[in-house]
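A.B. asks: For reference, the sequence and a predicted model appear below.
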Amino acid sequence: MKDDLRALVSLAGPYPPFDADATPDDPRDLFSSWLRDAIVSGVREPHAMVLSTTDENGAPDARVLILKNLDARGWHFATSDNGPKGRQIAVNPYVALTFYWPALGRQVRLRGIAFPAGEQERSADFRARSLSARAAALAGRQSQPLSSRSELDAAIDAQAKRVHADPDIVAPNWQLFITMPHEVEFWQGAEDRLHHRLLYRREKPGWLRERLWP
C-alpha cells in the first residue's frame, strides 16, 4: 500500500496565484470569492464541507455535509438535533469546518461556535429539502441501528405520506446551525510545496490577518 500511495500524484497544479496583500478585510468576502471560483471551475459539490465536533468524552468526530448559507452571522448547516452532530454540539458548541477544492489546490478551515438559528429559518430550511430528506428527518432515527432495508423503506413511506398530507410540516428535531468563527485560515497549495497560508483571527472590532509558514 505504501508504494501505491507514493505513486499517486498530489498537488500537481497549476494553481491560481495568491496575493495575501490583496485580500479583503473580512474572511467572508474571500471565502465567497473562492467558493465562486470553485463553482465556475466546475468543482463537484463545491459546497461540501467537513464538520468536526467532539463528544462528551472529548473524542473528535467528523463527517461531510453541505453548506446552506453564508451571511454576516456565519456559515450555516443543518442537521437533526437528536442525532450525533446535534447532541455533540449541545455538549460542546465549539466546532471546525473544512472545505477543500482539490482542482484549485485550495483549502479553508474555520474554528468557532455553532449556535441555533431562529424558528423561521429552521422551518424554511426544512421545507426546502427534498421529499425523501424531509421524510428521513421526520422518522427521527438518525444513526440508530437499522434491522433491514425494508424497515427503512416502510418508515420513509409512512413519513412521505405525512409530508404529502401536510406540506408545511417541520420535524421538531430539525435544527439549522450557524457557525460564528474566531479563526479562518485560507490555504493555497503550490507545486513547490511552499504553500500560501493566511489566517484571519477575530479581534474587536474586526479581523487581524497574518501569514503562516507552510
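C.D. replies: Looks like it arrived, so ask away.
A.B. asks: Find the helix or strand that V95 is a member of.
C.D. replies: With elements delineated by DSSP states H and E, V95 resides in strand 94-101, which encompasses its position.
A.B. asks: For that strand, buried residues please.
C.D. replies: Counting neighbours by 16 or more other CB atoms under 10 Å, one finds that the buried residues in strand 94-101 are V95, A96, L97, T98, F99, Y100, W101. For the C-beta atoms, the positions are set from N, CA and C on the backbone; glycine is no exception.
A.B. asks: same thing with stretch 31-40?
C.D. replies: Neighbour-count burial for stretch 31-40 flags F31, W34, L35, D37, A38 (criterion: 16+ other CB under 10 Å).
A.B. asks: between the lengthiest strand in the chain and strand 94-101, how many degrees?
C.D. replies: Longest strand of the chain, by residue count under DSSP state E: strand 174-188. Relative orientation of strand 174-188 with respect to strand 94-101: 60 degrees, computed using axes from the mean of the first three to the mean of the last three CA atoms, to 10 degrees.
A.B. asks: Who are the packing partners of the next helix or strand after strand 174-188?
C.D. replies: Taking DSSP H and E as the definition, the helix or strand that follows strand 174-188 towards the C-terminus is strand 196-203. Helices and strands touching strand 196-203, as assessed by 3 or more CB pairs under 8 Å, 6 or more residues apart in numbering; DSSP states H and E, comprise strand 174-188, strand 206-212.
A.B. asks: So what are the sheet partners of the longest one and their directions?
C.D. replies: Looking at strand 174-188 with DSSP bridges, its partner strands are strand 74-80 (antiparallel), strand 106-116 (antiparallel), strand 196-203 (antiparallel).
A.B. asks: Next secondary structure after the shortest one?
C.D. replies: Secondary structure here is assigned by DSSP H and E; on that basis, the next helix or strand after strand 74-80 toward the C-terminus is helix 84-91.
A.B. asks: Buried residues, the helix or strand where L70 lies. List them.
C.D. replies: Under the assignment given by DSSP H and E, the secondary-structure element containing L70 is strand 69-71. The neighbour-count criterion (16+ other CB under 10 Å) identifies N69, L70 as the buried residues of strand 69-71.
A.B. asks: What strands line up against that strand, and which way round?
C.D. replies: Under the rule (DSSP bridges), strand 69-71 has strand 74-80 (antiparallel) as partners.
A.B. asks: Work out which residue lies at the spatial centre of the protein.
C.D. replies: The C-alpha lying nearest the average C-alpha coordinate of the chain belongs to M49 (CA atoms, centre = their mean; 3.7 Å).
A.B. asks: mind saving the C-alpha coords of the helix or strand hosting that one as PDB?
C.D. replies: Here M49, judged by DSSP H and E, is contained in strand 48-54. As requested, the backbone C-alpha atoms of strand 48-54 are provided in PDB (Å, rounded to 0.1, in the frame of the first residue of the first chain):
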ATOM      1  CA  ALA A  48     -19.500  20.200   0.600                       C
ATOM      2  CA  MET A  49     -17.600  20.600   3.900                       C
ATOM      3  CA  VAL A  50     -16.300  18.500   6.800                       C
ATOM      4  CA  LEU A  51     -17.900  19.300  10.200                       C
ATOM      5  CA  SER A  52     -15.800  18.400  13.200                       C
ATOM      6  CA  THR A  53     -17.200  18.100  16.700                       C
ATOM      7  CA  THR A  54     -16.300  16.400  20.000                       C
END
